[in-house]
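Peer 1: Could you look at this predicted model? Sequence included:
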Amino acid sequence: MSTPKVLFGFHAVGVRLKTAPQSIVEIYFEPTRRDARMRQFVEKVNEAGVRLIEADGMRLAKLAGSHGHQGVAARVHELAQVTSLDELLEQLEAANLDKPVAEREQPLILVLDGVTDPHNLGACLRVADGAGVHAVIAPKDHAAGINATVAKVASGAAETVPYFMVTNLARTLNELKERNIWIIGTSDVAPRTLYQTDFKGPVALVLGAEGDGMRALTAKTCDELVSIPMRGAVESLNVSVASGVCLYEALRQRSV
Ligand SMILES: C[S@@+](CC[C@H](N)C(=O)[O-])C[C@H]1O[C@@H](n2cnc3c(N)ncnc32)[C@H](O)[C@@H]1O
């Protein structure tokens, strides 16, 4: 088994407890918190037969590397996941092989070009999980990796959505194109809006960094660029909010 890592917060630990209790080494909790949420949580841990250890706030903060632990942290083993984007796409293609076209599950991928804030990455993973995204891709050299803060903000989605960090993002986008995946980039200055584009087929949606947006090469590699209409004074949305707006438009189109 892998070296254990730490999850913290009710959501992140709760999702792991629900989906893979066998992967939890032990759960730490603050016994001085006696509210209903903590009582229910402790009950669930006991039902699952997971080892429960009392810890004060300082120990939890040290374990979590953050004060946002809500009185709960867990040491867990990594879950076995698909190890590469290719493997994931091949699994999807194989699952679609015998299905009529109308019933095929079309890949939906979120690409984050340089999102470095762990809170933004966590929020993007959370909305990606909600919208049924198959994988999130980011460049290795300029993006946040999955850490305890990301896992906490993602509320369990860091466990459910595969996150691949790639060496050369433009090359990966070209490889997606070779698999007939349509690359839709987002920019607040694109003349066409997301409501004028088709998200029904295999799609990779590309969002840019908090400050500078997508890099020039990334934007050039996209098949098309779309904007989210902005009616007020601010020029752009937070990247996780923009991800949510675009992904739920994709989900809406795919659901009709
Ligand atoms: C805070 S914005 C960056 C703004 C930056 N000035 C730019 O040139 O894109 C972060 C990312 O969220 C997405 N985004 C935010 N607002 C958007 C909008 N109105 N239309 C399209 N994408 C938007 C884009 O992917 C953008 O790169």
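Peer 2: That came through, no problem. Numbers count the residues shown, from 1 in each chain.
Peer 1: Tell me the residues of the stretch 51-200 of the chain that contact the ligand?
Peer 2: Selection of the stretch 51-200 of the chain residues close to the ligand by Cβ under 6 Å from any ligand atom yields 186-188. In this view, the C-beta of every residue, glycine as well, is placed from N, C-alpha and C.
Peer 1: which ones among these are found in strands?
Peer 2: Those of these mapping onto strands are Thr186, per DSSP state E.
Peer 1: from the residues of the stretch 51-200 of the chain next to the ligand, which would you call buried?
Peer 2: If you count burial by 16 or more other Cβ atoms under 10 Å, the buried members of these come out as 186-187.
Peer 1: which residue of this structure sits farthest from its center?
Peer 2: Distance from the centre of the chain peaks at Thr32, with 32.6 Å (Cα atoms, centre = their mean).
Peer 1: where does that one land in three-state SS?
Peer 2: Secondary structure state of Thr32, per DSSP: H, G, I helix; E, B strand; the rest coil, is coil.
Peer 1: any idea how far the ligand is from it?
Peer 2: As judged by Cβ to the nearest ligand atom, to the nearest Å, Thr32 and the ligand stand 40 Å apart.
Peer 1: can you pull the contacts of that residue?
Peer 2: Contacts for Thr32 (Cβ atoms under 8 Å, 6 or more residues apart in numbering) come out as Asp56.
Peer 1: Please see if the helix of greatest length in the chain touches the ligand.
Peer 2: Ranked by number of residues, the top helix in the chain under DSSP state H is helix 239-255. Yes. Judged by Cβ under 6 Å from any ligand atom, helix 239-255 and the ligand are in contact via 239, 242.
Peer 1: And the average pLDDT for that helix is what?
Peer 2: Averaging pLDDT along helix 239-255 gives 97.
Peer 1: which parts of it are buried?
Peer 2: Within helix 239-255, the residues scored as buried using 16+ other Cβ under 10 Å are 239-240, 242-244, 246-247, 249-250, 253-254.
Peer 1: Determine the set of other helices and strands touching that helix.
Peer 2: Judged by 3 or more Cβ pairs under 8 Å, 6 or more residues apart in numbering; DSSP states H and E, the packing partners of helix 239-255 are strand 108-113, helix 118-131, strand 182-186, strand 203-208.
Peer 1: again, only this time at 6 Å
Peer 2: On a contact count with 3 or more Cβ pairs under 6 Å, 6 or more residues apart in numbering; DSSP states H and E, helix 239-255 meets helix 118-131, strand 203-208.
Peer 1: that older thread, which of the residues of the stretch 51-200 of the chain next to the ligand sits closest to Lys5?
Peer 2: When those are compared for distance to Lys5 (Cβ to Cβ), Thr186 wins out at 31.6 Å.
Peer 1: Lovely, talk soon.
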